[in-house]
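A.B. asks: quick check, what structure comes out for this input:
(chains A and B)
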2 protein chains.
Amino acid sequence: MLSENAYAKLGSRFRRLLAIRDAEAILHWDLATMMPSGGAAGRAEQLAEMRAVQHGILSAPETGELISDAAGLDLSTEQAADLAEMKRMWARANALPEDLVTALSRACSACETVWRKARPEADFAAILPYLEDVLARVRDTAAVLSDALELSPYDALLDEYEPGGRAGDIDAVFADLAAFLPGFLARVLDRQAGQPQAILPQGPFPIEAQRALGVRFMERLGFDFDHGRLDVSLHPFCGGTRDDVRITTRYDETDFTSSLMGVLHETGHALYDMGLPANWRGRPAGEARGMSLHESQSLLIEMQVCRSPEFLGFATPIMAEAFGGDGPAWETENLIRLYTRVQPGFIRVDADEVTYPAHVILRYRLERSMIEGQMEARDLPAAFNEGMQNLLGITPPDDGLGCLQDLHWYDGAWGYFPTYTLGALSAAQLFAAAKQADAQINPAIGRGDFKPLMTWLRQNVHAKASLHSTRDILTQATGKPLDAEVFKSHLEKRYLKQAWM
Amino acid sequence: MLSENAYAKLGSRFRRLLAIRDAEAILHWDLATMMPSGGAAGRAEQLAEMRAVQHGILSAPETGELISDAAGLDLSTEQAADLAEMKRMWARANALPEDLVTALSRACSACETVWRKARPEADFAAILPYLEDVLARVRDTAAVLSDALELSPYDALLDEYEPGGRAGDIDAVFADLAAFLPGFLARVLDRQAGQPQAILPQGPFPIEAQRALGVRFMERLGFDFDHGRLDVSLHPFCGGTRDDVRITTRYDETDFTSSLMGVLHETGHALYDMGLPANWRGRPAGEARGMSLHESQSLLIEMQVCRSPEFLGFATPIMAEAFGGDGPAWETENLIRLYTRVQPGFIRVDADEVTYPAHVILRYRLERSMIEGQMEARDLPAAFNEGMQNLLGITPPDDGLGCLQDLHWYDGAWGYFPTYTLGALSAAQLFAAAKQADAQINPAIGRGDFKPLMTWLRQNVHAKASLHSTRDILTQATGKPLDAEVFKSHLEKRYLKQAWM
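C.D. replies: Modelled structure (predicted):
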């Protein structure tokens, strides 16, 4: 009885915690989409306070005591998974003093605000003192967590985004990719040079029409607008809560293709959140598992599905109709070429899937160096540009196209970047397994019917929430843990063998 | 030293509190403007949790101890006012058990959600159980506060919105108005019958053009869009925070006049928040004083300024230009007639200033009866309609035009309604004093220059924040405490003597 009580009490405590975390998510969405610039200072206070309150609930002595009390209980497997998640959250929070939590939150808010101007102005000097402040507090955080969790400083940060993720495993997978990709890229570029050039459809493409088209595909994929929204922000993201998923994009009136694919990417994230099991709402085990699985869902939709010949065969006439497009640029084969064009470029979020891992490997190396104290923030622009030259053979002409392009470091998300590429590998592995399990998935996509795919994803990924580890979810769904093999086969098939390339 | 420490410690504690209150305000704005319907249940949890956290900070034993410690200190007059505000907030919170606070917040969230559908569908039966739930918790709250604060149950609720306000004083002022208005209304309607009919400009008026016009006037009045927004909601309001003021309106494509005046009204609220003293930000004494003064600022802008011949002389050509309007409907004299037309109607927020007090007096009587247990929620529709018949000679054809029209009772704002009419009287008294103090104010308004007026308001109202009582602020600014005399003179001048009526 005592033990049941402890678990039940933890349940209400974590329900409160998750409600505040959800409130924070909406405030963060508002900051990026709605808030006027003059609200920044006050919002920083609000967000810091939300962090402090969550930290206070987690690190209250009773929380630790209840977790100890509950540990001896006779819990179901799922309850035990729930308790394990509670313990994981508690252990992180309990290690961190509240003033470090709020100082980091404030430093990030201040830095993010400056970043909003510094990025378009390519002004790294303006943001450097703010970034130094963030980095100092991130290092402090990593050091404290490293001691408490007995992980390396980098793993201690990574574990927040990727529970169970370890730099050692990432190094192995990234080494495999880093060995494969340069040669592969050269072969793709060579083959591409002998193919017809992809033609970019000519606009203008009014924002309202772009938005309407995005909404149409979102609905088709299963995005429920009673539980979500689509808005505009400088840096596209999927935020909000599982009941109220807020995705964003940015529009370019001269080119609809990039924004549209961004919307489909964020829709993949959103469908994961919307598919989490309803009966585990408000409980840690009912949350999304981690960022590599989250990214696997966005990349499965974007890269595996929406850049496939099947999807584009279905989608091309709808795109043409939306903008009154006509002629060779609007033929399916051209749009396939366009959406699978490989070209080393400066911007990570616009990168094709062949060059994308290089962007991530660079950021992973740089952030490890900075966290481990081998590199300072002031050295970032030069190191970033040198890395781009080494990995992709191009040098950003300014920091707006270089180390300022991504929000992550400026907003405190250190240890996050590798999850993008882990997500890409997972997406390939999951989509291959899905198609193997149900031969109807691909033909249905060709008809604009995503139900067979969604049924498989709901069952094998979304409904698993955090009731299992990332490794177990992936192994159960695909028959093996994560490696780069399926991803490499996918790249070879799409970029070296696909007929219309 | 001990005493300085206690006040300083209270300072950080209340700064945290106000940050969470501000976060709650943004979440509430989001609920009304952005949130998809499926977010309602989660949002209710979030808002209840924000209330619980605020309540926890206020009612923590240390807060009470610090307030006691600080009471003996040698504080400046302003610090003493700040401490008095802290004590007022503490005394209310400390009296209320947390589960009552969260139960009320949840009941209100649930009821507000239902109200969003029940109002357009005029479906009182659908909302009755939710309203009964809210009322039960409001009565509990009033009873607990009544004991702790030694106020009547109604005054205990009123005091939240109108610190220092008492039903006894309201009764006296409302009796004066109730004696004056029926006869006055008859004279106005009689005079109006002998004047040319006001012509409603014919649309359609595209929403984008209406919005642009509203923004233009907002900017002219001094609304700072770096610190605020204009959006759409079912029930217009001014929300957000002093740094980030969110006002809303609703548009009707067949009639721009009502929405525009609503925007100007909310702008008056916003200018008060934006004008609060920057050096008292994050401190209880730096907050807006109370709802009657807040409403005085919106009504001063809407009723005293923007329906005046001076403002409309300036504004009419801009309105005509915005919509390409031409002809007699767009002449200044017609728009003055339209904007000062008196006609008993069903909807409070659309009421003219002559009949408006009747709407408030009715609600004040009804909510007192319900709080004091002399009337039940189920009796509301009949009592509301009977009151409308007695006071204004009209009976609402359905509850959508009757007791469902206002959000207040459904969202827990009991004891709020009288502040509207107190605000109308205060607005008349303040504007008369302002014009007396600076003869340039009215001519400047005629040129679209609001700086002289704003200078006076900043100095005499906005900058006073909560450093003085409502009564003292009004007395210092106008030379006497609130009564109905200046309001009555204003009505007589505008509705019986103005040449173009």
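A.B. asks: from now on I want contacts and neighbour counts done on CA atoms only, so please keep to that.
C.D. replies: Will do.
A.B. asks: list the buried residues in the host helix or strand of residue A:52.
C.D. replies: According to DSSP states H and E, residue A:52 maps onto helix A:40-59. Within helix A:40-59, the residues that qualify as buried are A:40, A:42-59, counting by 16 or more other CA atoms under 10 Å in any protein chain shown.
A.B. asks: equivalent analysis for stretch A:388-407, please.
C.D. replies: So for stretch A:388-407, counting by 16+ other CA under 10 Å, buried means A:388, A:391-392, A:395-396, A:398-407.
A.B. asks: picking that back up, angle of the helix or strand following the helix holding residue A:52 against helix A:40-59?
C.D. replies: As assigned by DSSP H and E, the chain's next helix or strand after helix A:40-59 is helix A:61-71. Relative orientation of helix A:61-71 and helix A:40-59, computed by axes from the mean of the first three to the mean of the last three CA atoms, to 10 degrees: 40 degrees.
A.B. asks: which strands and helices lie in contact with helix A:61-71?
C.D. replies: The helices and strands touching helix A:61-71, judged by 3 or more CA pairs under 8 Å, 6 or more residues apart in numbering or on different chains; DSSP states H and E, are helix A:2-33, helix A:77-95.
A.B. asks: switch the cut-off to 10 Å
C.D. replies: Applying 3 or more CA pairs under 10 Å, 6 or more residues apart in numbering or on different chains; DSSP states H and E, we find helix A:61-71 packed against helix A:2-33, helix A:40-59, helix A:77-95.
A.B. asks: ok, which of those helices comes nearest residue A:201?
C.D. replies: Between residue A:201 and these, the shortest separation by CA to CA is 28.4 Å, and it involves helix A:2-33.
A.B. asks: how about residue A:56, nearest residue that isn't a chain neighbour?
C.D. replies: Leaving aside its sequence neighbours, residue A:56 sits nearest to residue A:98 (CA to CA, 6 or more residues apart in numbering or on different chains; 7.5 Å).
A.B. asks: ignore what I typed, I meant residue A:486.
C.D. replies: Looking at residue A:486 with CA to CA, 6+ apart, the closest residue is residue A:429, at 5.5 Å.
A.B. asks: list the residues that contact that neighbour.
C.D. replies: A:296, A:300, A:423, A:474-475, A:477-487, A:489-490 (CA atoms under 10 Å, 6 or more residues apart in numbering or on different chains).
A.B. asks: quick one, which of those residues are buried?
C.D. replies: For the contacts of residue A:429, buried by 16+ other CA under 10 Å: A:296, A:300, A:423, A:474, A:477-478, A:482-484, A:486-487, A:490.
A.B. asks: what would the residues you listed look like in CSV with secondary structure and pLDDT?
C.D. replies: Shown next, in CSV, are those (DSSP: H, G, I helix; E, B strand; the rest coil; pLDDT from 0 to 100):
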residue, secondary structure, pLDDT
A:296, helix, 98
A:300, helix, 98
A:423, helix, 98
A:474, helix, 98
A:477, helix, 98
A:478, helix, 98
A:482, coil, 95
A:483, coil, 94
A:484, coil, 96
A:486, helix, 97
A:487, helix, 98
A:490, helix, 98
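A.B. asks: backbone dihedrals for the nearest residue to residue A:350 once chain neighbours are set aside, please?
C.D. replies: Distances taken as CA to CA, 6+ apart place residue A:258 nearest to residue A:350, at 7.3 Å, with adjacent residues excluded. As for residue A:258, its main-chain torsions (degrees, to the nearest 10) stand at phi -70, psi -50.
A.B. asks: now the strand or helix carrying residue A:99: how far from the chain's centre is it?
C.D. replies: Element membership for residue A:99 (DSSP H and E) is helix A:98-121. Taking the mean of its C-alpha atoms, helix A:98-121 sits 20 Å from the chain's own mean (CA atoms, centre = their mean, to the nearest Å).
A.B. asks: how about the strands in the stretch 101-250 of chain A?
C.D. replies: For the stretch 101-250 of chain A, strands defined by DSSP state E, counting those that start in this stretch occupy the ranges A:228-232, A:238-241, A:244-249.
A.B. asks: and those strands, which is most packed in?
C.D. replies: Comparing these by mean neighbour count (mean count of other CA atoms under 10 Å in any protein chain shown), strand A:244-249 comes out on top with a mean of 26.
A.B. asks: which helices and strands sit right next to that strand?
C.D. replies: helix A:2-33, strand A:228-232, strand A:238-241, helix A:257-274, helix B:40-59.
A.B. asks: about what we covered before: the helices and strands packed on helix A:61-71: which one's closest to residue A:332?
C.D. replies: helix A:2-33 (33.8 Å).
A.B. asks: center of chain A, which residue is that?
C.D. replies: residue A:295 (4.5 Å; CA atoms, centre = their mean).
A.B. asks: quick check: the gap between that one and residue B:96.
C.D. replies: To residue B:96, residue A:295 is 45 Å away according to CA to CA, to the nearest Å.
A.B. asks: can you check residue A:31 too?
C.D. replies: Distance, residue A:31 to residue B:96, using CA to CA: 33 Å.
A.B. asks: show me chain A divided up by domain.
C.D. replies: Segmentation of chain A into domains, based on automatic domain parsing, reads A:2-150, A:169-497.
A.B. asks: tabulate these (a markdown table), appending distance to residue B:248.
C.D. replies: A markdown table is the format used below for those (distance: least, CA to CA, whole Å):
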| stretch | distance to residue B:248 |
| --- | --- |
| domain A:2-150 | 14 |
| domain A:169-497 | 19 |
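A.B. asks: closest to residue A:162 out of those?
C.D. replies: For residue A:162, the closest of these is domain A:169-497, at 5.0 Å, according to CA to CA.
A.B. asks: span of that closest one from start to end?
C.D. replies: Length of domain A:169-497, first residue to last, CA to CA: 30 Å.
A.B. asks: what helices or strands is the helix holding residue A:52 leaning on?
C.D. replies: Using 3+ CA pairs under 10 Å, 6+ apart, helix A:40-59 sits against helix A:2-33, helix A:61-71, helix A:77-95, helix A:98-121, helix B:2-33, helix B:40-59, strand B:244-249.
A.B. asks: report the mean confidence score over it.
C.D. replies: What helix A:40-59 shows for mean pLDDT is 94.
A.B. asks: between helix A:77-95 and that helix, find me the angle.
C.D. replies: 120 degrees.
A.B. asks: any low-confidence regions in chain A?
C.D. replies: For chain A, residues meeting the criterion pLDDT under 70 lie at A:1-4, A:499-501.
A.B. asks: now with 90?
C.D. replies: A:1-5, A:98, A:102, A:105, A:109, A:113, A:116, A:234-235, A:349-350, A:497-501 (pLDDT under 90).
A.B. asks: buried set for stretch A:72-88?
C.D. replies: So for stretch A:72-88, counting by 16+ other CA under 10 Å, buried means A:73, A:75, A:80-88.
A.B. asks: so who does the residue nearest to residue A:56 touch?
C.D. replies: Residue A:98 touches A:51-56, A:59, A:104, counting by CA under 10 Å, 6+ apart.
A.B. asks: if I look at the residue in the stretch 251-400 of chain A that chain B sits nearest to, how far off is residue A:20?
C.D. replies: With CA to the nearest CA as the measure, residue A:282 is the residue of the stretch 251-400 of chain A nearest to chain B, at 9.1 Å. Using CA to CA, we find residue A:282 at a distance of 11 Å from residue A:20.
A.B. asks: count the residues that sit near residue A:152.
C.D. replies: Counted with other CA atoms under 10 Å in any protein chain shown, the neighbours of residue A:152 add up to 17.
A.B. asks: now do residue A:437
C.D. replies: Using other CA under 10 Å, residue A:437 is surrounded by 13 other residues.
A.B. asks: surely it is in contact with residue A:457?
C.D. replies: No. Using CA atoms under 10 Å, residue A:437 makes no contact with residue A:457, being 11.2 Å away.
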